[in-house]
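Participant: Sharing a model prediction with you, sequence too.
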Amino acid sequence: MGLMSRANMLSTGLTLYHSPYSPHSRRGRIFIAEKGLEVKHIEVDLARGEQHEEAYRRINPRRVVPALVLADGTSIAEVTAIWRYLEGRYPETPMLGASIREAAMVTMWERRAELDGLLPAVEAIRNVVTGAPGRALAGPHDYLRIPALAIRSRERVENFYADINARLAQQEYVAGDYYSAADITCLVTLDFAKRALGMTISEDFTALKRWHGAVSSRPGAVA
């Protein structure tokens, strides 16, 4: 099912606190766009440390983005929790699976994409960026960088590229023959790894390149 036009987007009364530089925020924005939902977006300036200020800490004490605030003031943080709420509240255009079997497959592949691809990519950059020596991990606590860890993290991302290429040689999309949240996390991972780490898709990974071109052309990909 295609994306809704802006005129037909469903008004929700929801507010998404996000950052344009956060890959996790992008996962939330793409999901919302694919659902055709009208959600108010408020940017949190991570460079200025707005996530640590009292105003945002009341929204998300963990001090990370994104966070979704409902009309009654309830705040939902963590991407998968936000997805679950939106899928349950607005079941049209299912992104987490239209059946029990599909839901299991989407959950499995999305989980692998985050653990094997996105988190190592973020870990690789946070452990070498010079501007944040005590911010190796996002959140309320300070952790020192371990530069050597970035080497292993990059290797993990390289292996992730190969593993997903092998998967996409058998399937049109990551979780099967349908676009889902698993594709969102994979797309965000590849784009973040290219931007932050300079890791491009090998010409040998023809299935991955085919898939990346297809999902990048979807209107929701620019969210």
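Facilitator: On my side now, so go ahead.
Participant: Verify the stated contact: T107 with I100.
Facilitator: No - taking Cβ atoms under 8 Å as the definition, T107 is not a contact partner of I100, at 10.7 Å. (C-beta placed from N, C-alpha, C; glycine too.)
Participant: quick one, which of the two is more surrounded?
Facilitator: T107 (17 against 8; other Cβ atoms under 10 Å).
Participant: From L70, how far out is the more buried one?
Facilitator: Separation of T107 from L70 (Cβ to Cβ, to the nearest Å) stands at 23 Å.
Participant: Which helix or strand lies directly C-terminal to the helix of greatest length in the chain?
Facilitator: Ordering each helix of the chain by length in residues (DSSP state H) puts helix 147-168 first. For helix 147-168, the succeeding helix or strand toward the C-terminus, using DSSP states H and E, is helix 181-197.
Participant: Packing partners of that following helix?
Facilitator: Packing contacts for helix 181-197, counted by 3 or more Cβ pairs under 8 Å, 6 or more residues apart in numbering; DSSP states H and E, involve helix 23-35, helix 100-113, helix 119-126, helix 147-168, helix 206-216.
Participant: which other residues reach the helix-or-strand element of the chain with minimal mean pLDDT?
Facilitator: One helix or strand of the chain scores below all others by mean pLDDT, DSSP states H and E: strand 10-18, with a mean of 93. For strand 10-18, contacts defined as Cβ atoms under 8 Å, 6 or more residues apart in numbering pick out 4, 25, 28-29, 32, 35-44, 56, 59-60, 65-71, 89-90.
Participant: Next, the contact list for the residue positioned nearest the centre of the chain, please.
Facilitator: For the chain, the residue sitting closest to the mean C-alpha position, by Cα atoms, centre = their mean, is R27 at 2.9 Å. By Cβ under 8 Å, 6+ apart, the contact set of R27 is V79, A181, I184, T185, V188.
Participant: again, 6 Å this time
Facilitator: V79, I184, T185, V188 (Cβ atoms under 6 Å, 6 or more residues apart in numbering).
Participant: number of nearby residues for the second one?
Facilitator: By the other Cβ under 10 Å criterion, the neighbourhood of I184 contains 29 residues.
Participant: Could you number the chain from 40 rather than 1 from now on?
Facilitator: All set: I'll call the first residue 40, so the last point we hit is now I223.
Participant: mind checking pLDDT for the nearest residue to it once chain neighbours are set aside?
Facilitator: Of all residues not flanking I223 in the chain, I69 sits nearest, at 4.9 Å (Cβ to Cβ, 6 or more residues apart in numbering). Per-residue pLDDT puts I69 at 98.
Participant: Could you do A72 as well?
Facilitator: Model confidence at A72, expressed as pLDDT, equals 97.
Participant: do you know how far it is from L55?
Facilitator: For A72, the distance to L55 - Cβ to Cβ - is 11 Å.
Participant: care to break this structure down by domain?
Facilitator: Taking automatic domain parsing as the domain assignment, the ranges for the chain are 45-128, 139-261.
Participant: Please compute how far the longest one lies from its chain's middle.
Facilitator: To tie it back to what came earlier, the one meant is domain 139-261. Offset of domain 139-261 from its chain centre (Cα atoms, centre = their mean, to the nearest Å): 9 Å.
Participant: now stretch 59-79
Facilitator: The answer for stretch 59-79 is 9 Å, by Cα atoms, centre = their mean.
Participant: Return the set of buried residues in it.
Facilitator: Under the neighbour-count criterion of 16 or more other Cβ atoms under 10 Å, stretch 59-79 has 61-76, 78 buried.
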